[in-house]
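Asker: Dropping the sequence and predicted coords here.
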Amino acid sequence: MGVKSEPSRLTAVVSGMVQGVGFRYWTMEQAHRLQLNGTASNRADGTVRVVVEGSRHDCENLLTTLTSGRTPGTVEDVRSEFSDATGQFHGFTVS
């Protein structure tokens, strides 16, 4: 039986060597595995911004995965915040 929780939004800004190493596509795979909708995008400052929505539990699992040390490239820091889901996303996009 899965853990259900209120829909949440996780916004995470990931810094380190995370551009040009497949990090966004890897994040998309992790989000699909957790049934999260959202986006991962490169930013001009070299970070990757990840925004996902789904159960709070699954969003927390993605955050744990992002900080696990088992990502493509090298994650130095993840700044994150949780908020209420908006229903903005349908599927997952990479940009």
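Answerer: Now that the structure is in, tell me what you want to look at.
Asker: where along the chain do the helices fall?
Answerer: Assigned by DSSP state H, the chain shows helices spanning 23-33, 56-66.
Asker: For Thr93, find the nearest of the ones you listed.
Answerer: Closest approach to Thr93 among the helices of the chain is made by helix 23-33 (8.2 Å; C-beta to C-beta). From N, CA and C alone the C-beta is placed, and that goes for glycine too.
Asker: related to what we said a few turns ago, I'd like to know which of the helices of the chain is closest to Leu10.
Answerer: helix 56-66 (4.0 Å).
Asker: For that closest one, give the mean pLDDT please.
Answerer: Averaging pLDDT along helix 56-66 gives 97.
Asker: Pull the contacting residues for the closest residue to Gln19 other than its chain neighbours.
Answerer: Leaving aside its sequence neighbours, Gln19 sits nearest to Asn42 (C-beta to C-beta, 6 or more residues apart in numbering; 5.3 Å). Shown in contact with Asn42 (C-beta atoms under 8 Å, 6 or more residues apart in numbering): Gln19, Arg24, Val48, Ser95.
Asker: what's the answer for Arg24, then?
Answerer: Ala40, Ser41, Asn42, Val48, Val94.
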